[in-house]
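>>> Need a 3D model of the following:
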Amino acid sequence: MNSLPRRLFCAALAFLGAVTLPAQSLIQDNYGTGTATMPGGVAVSSVDLLQTHLTSATRTGAPGSGNTYFYREDSGYTVDLGRLSDGAYGTFGSSGLGGDGQYTVMPNNVTLTFTLDTVAHPAGYSLSSLRTFASWDSGRDGQAYSVKYSTADNPLTFLPLITITTYNNTSFPTGTSMEWDDESGQFIEVETTDESIANTLVQISASSGYLVTNVAALQFVFSGHENGGTAYREIDVFGVASIPEPGALAALLGAIALGVASVARRRQR
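Okay, the predicted model is just below:
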């Protein structure tokens, strides 16, 4: 294809990306476990869009102190955003601290931006669902954030998609132990709760159709929750490449035809 028609083709596809189709309602489903089992019985994905069509992952804030730095970042801990889309959940609970390290403890004020490949798909992507997994103890398992998106025609402008309702796992194993009771002067049996492992999964889906279409990039905005940050294990983004609507496709083909005709006239001259 001549360079001019090719440019027209890419420009037309980018223009078509201006049309987004948010669903009438978005649904948040929460799942939690307090044992070494996956929340919702769902495994992290190795074939979602962040695995197959991610161009870059960036964060706000530089290493420092306060609510904008990641866990132990001030003492040299390496922040690896790739862990959030590597298909690995890691060790359940906080035991991963000295083991596999398949977690990223999100600070209370940070924005993560995931940019998708719009070179391969100039019209962007239609998103069907989002999943975020976290696991630590009960002090770093809760999830709270908002999601924004940009479109293929305006990739630097982010629009609000959803703010999830704060979710903390409350499902923990219980047992009993014998403890000394000063009042009675004897040991008594008391109920105990083991909160050393806490796993959460938040899933966002649409009541019908897609969450949104023609997406070029996603932002996850974390704005304060839990004990200085939640230990996120994975972010899954599911969807497919967007395609132009039939009427828009006809306009696109017409634009390409005009470009080809223009090139032909120039050559005849």
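>>> Could you chop the protein up by domain?
Dividing the chain into domains by automatic domain parsing, as the record does, gives the ranges 1-19+245-269, 20-168+197-241.
>>> Among the ones you listed, show me which one is buried the most.
Between the domains of the chain, domain 20-168+197-241 has the highest mean count of neighbours, a mean of 19, where neighbours are mean count of other CB atoms under 10 Å. (Glycine included, C-beta is placed from N, CA and C.)
>>> how about S94, secondary structure?
Secondary structure of S94, reduced to three states by DSSP: H, G, I helix; E, B strand; the rest coil: helix.
>>> helix or strand for the most centrally placed residue in the chain, which one?
Residue closest to the average C-alpha location in the chain (CA atoms, centre = their mean): I235, at 4.2 Å. Under the criterion of DSSP states H and E, I235 resides in strand 230-241.
>>> Return the list of helices and strands in contact with that strand.
helix 49-52, strand 104-106, strand 125-136, strand 212-222 (3 or more CB pairs under 8 Å, 6 or more residues apart in numbering; DSSP states H and E).
>>> Can I get the ones you listed in TSV including distance to R59?
As requested, the helices and strands packed on strand 230-241 are exported to TSV (distance: least, CB to CB, whole Å):
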stretch	distance to R59
helix 49-52	15
strand 104-106	10
strand 125-136	16
strand 212-222	10
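>>> Which of the ones you listed has the lowest mean pLDDT?
Comparing mean pLDDT across the helices and strands packed on strand 230-241, the weakest is strand 104-106, with a mean of 82.
>>> Remind me what that strand packs against, helices and strands.
By contact count (3+ CB pairs under 8 Å, 6+ apart), the secondary structure elements abutting strand 104-106 are strand 230-241.
>>> and the strand it packs on, average pLDDT?
Mean predicted confidence for strand 230-241 is 95.
>>> strand partners of that strand, parallel vs antiparallel please.
strand 104-106 (antiparallel), strand 125-136 (antiparallel) (DSSP bridges).
>>> Run the angle between that strand and strand 212-222 for me.
Counting by axes from the mean of the first three to the mean of the last three CA atoms, to 10 degrees, strand 230-241 lies at 170 degrees to strand 212-222.
>>> what about strand 230-241, distance to the chain center?
How far strand 230-241 lies from its chain's middle: 4 Å, per CA atoms, centre = their mean, to the nearest Å.
>>> May I have the beta-bridge partners of the residue nearest to L84 when sequence neighbours are not counted?
Taking CB to CB, 6 or more residues apart in numbering as the measure, L84 lies nearest to I235, with 4.8 Å between them; neighbours along the chain are not counted. Beta-bridge pairing of I235 under DSSP bridges involves T132.
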